[in-house]
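Participant: only the shape, not the letters, is given here:
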């Protein structure tokens, strides 16, 4: 017996990767899942020390898009923006720290 889409009477082709609702092809929204900053940094460090040859594939390889329903798609987008902001602020803070260290070294040496 075929599953029915959660939003219409059509046959479900996929399931939402967050909530698991059955979705037809018309109601499926594909997107990259969000990745927490801590998980990203931990994965990069672990790969750097355990298998450094895979690091370029990990950083620059394409990830598979996952199916989402409309509600989960919007939540996923919100979480991705939040994590991107965290990464931006971390990179900005590190750049400011490096700039301050260079300024202090040049100024007092």
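Facilitator: Here it is on my side, so go on. Bear in mind that the values here come from a model prediction, so they are computed numbers and not experimental data.

Participant: work out for me the element residue 99 sits within.
Facilitator: Using DSSP states H and E, residue 99 maps to helix 70-108.

Participant: which parts of that helix count as buried, going by neighbours?
Facilitator: 72-73, 76, 83 (16 or more other Cβ atoms under 10 Å). Every C-beta, even on glycine, is put in place using the N, C-alpha and C of the backbone.

Participant: I'd like the residues you listed as JSON lines, with distance to residue 49 and pLDDT appended.
Facilitator: JSON lines is the format used below for the buried residues of helix 70-108 (distance: Cβ to Cβ, whole Å; pLDDT from 0 to 100):
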{"residue": "72", "distance to residue 49": "34", "pLDDT": "95"}
{"residue": "73", "distance to residue 49": "35", "pLDDT": "95"}
{"residue": "76", "distance to residue 49": "30", "pLDDT": "95"}
{"residue": "83", "distance to residue 49": "23", "pLDDT": "94"}
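
Participant: neighbouring contacts of stretch 19-26?
Facilitator: Stretch 19-26 is contacted by residues 3-8, 10-16, 67, 69, 71-72 when judged by Cβ atoms under 8 Å, 6 or more residues apart in numbering.
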